[in-house]
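In: let's see this in three dimensions:
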Amino acid sequence: MEKEVQLEKDKNNTKSESEEIWFRCSACQELIYRKDFEKNFKVCPKCDHHFRLGALDRISFLIDEGTFEETDAGLRSVDFLGFKGAKTYLVSLKQAEEKTKLKEAVITGIGKIGGKPVAFGVLDFDFIGGSMGSVVGEKITRLVERAIENNLPLVIVSASGGARMQEGVISLMQMAKTSAAIKRFSQGNKPFISILANPTSGGVTASFASLGDIILAEPGAFIGFAGPRVIEQTIKQKLPKGFQTAEFMREHGMVDKVVHRKELKKTIIQLLTFLTEK
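Out: Next up is the predicted model:
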């Protein structure tokens, strides 16, 4: 009996170890060796599908090692409306913190990309869908203001479902707040490079994410305001194939360039060099 129990434990351990080494791509269903996947910037080596990245991974991939200094890390959302739904806002916040190990859906700070100082912000979709509430709007606005004060280029990576419904109209006000900050920034001589990851939608798309001097997007990223189902129901028409993908947006002028993740840092460095050096 003890031998059978041990064999079952060994079997479960082997399965667990195997799952840690290999996993199946959600796009092409091919098995992927995890080490190759990590080396390939979390892009499927078989079909080139770009998996979603967390904010900490983005910082690791884009910011020069050891140069990032986070700002406004202590700001946290509160349930000022006493929101009640399937679960309370406070429960959603607690679960998001446990899942991501972050305090909010955005990390902001000052760092270097290719040795060039930048004001950098990145949204994490795993934190309540990367939604923009009062704290996200405040942190983005403060980041922009620091970029103005220190005459730094601004780089923001967006991945969001839009405004945070648990904060009602206060979340919608962040669209105007962040857009006004970008307007002030645009009066200087440094560029704002906006990077749209999968997905970038709702109030984030309708505000600062679409106001970049240069707008880059990752391959296959969903970009739009409302979802395709809502649009089709509204206009009573079938949408064209590939509608609201990064490639479609590039063809129709909303995105300047679709850039593979492994080329993203190099592209940003080239843009910073061209747009900031005399």
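In: look at residue 1 and report its pLDDT.
Out: Predicted confidence (pLDDT) for residue 1: 47.
In: whoops, I mixed them up, residue 61
Out: At residue 61, the pLDDT recorded in the model is 95.
In: now do the SS call for the nearest residue to it once chain neighbours are set aside.
Out: Sequence neighbours aside, residue 41 is the residue nearest to residue 61 in space, at 6.2 Å (criterion: CB to CB, 6 or more residues apart in numbering). Where C-beta positions appear, they are placed from N, C-alpha and C, glycine not excepted. Secondary structure assignment for residue 41 (DSSP: H, G, I helix; E, B strand; the rest coil): coil.
In: what is the neighbour count of residue 41?
Out: For residue 41, the tally of surrounding residues (other CB atoms under 10 Å) stands at 17.
In: residues contacting it?
Out: By CB atoms under 8 Å, 6 or more residues apart in numbering, the contact set of residue 41 is 61, 261, 262.
In: one more: residue 153?
Out: By CB under 8 Å, 6+ apart, the contact set of residue 153 is 116, 117, 118, 119, 147, 190, 191, 192, 193, 272, 275, 276.
In: now the residues you listed in CSV, with neighbour count?
Out: Output for the contacts of residue 153, formatted as CSV (neighbours: other CB atoms under 10 Å):
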residue, neighbour count
116, 17
117, 18
118, 28
119, 26
147, 27
190, 19
191, 20
192, 22
193, 23
272, 22
275, 15
276, 16
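In: which one of those is nearest to residue 207?
Out: Sorting those by distance to residue 207 puts residue 192 at the head of the list, at 12.6 Å, by CB to CB.
In: where does that closest one land on pLDDT?
Out: With respect to pLDDT, residue 192 has a value of 98.
In: same question, residue 4
Out: With respect to pLDDT, residue 4 has a value of 44.
In: now swap in the one 4 residues further on and tell me
Out: Model confidence at residue 8, given as pLDDT, is 46.
In: how about residue 249?
Out: 95.
In: tell me the secondary structure of it, please.
Out: Applying three-state DSSP: residue 249 is helix.
In: the residue nearest to it when sequence neighbours are not counted and residue 231, how far apart?
Out: Nearest in space to residue 249, with sequence neighbours left out and distances taken as CB to CB, 6+ apart, is residue 255 at 4.3 Å. Using CB to CB, to the nearest Å, one obtains 18 Å as the distance from residue 255 to residue 231.
In: next one: phi and psi at the residue nearest to residue 249?
Out: Recorded main-chain torsions at residue 255 are phi -120, psi 140, according to degrees, to the nearest 10.
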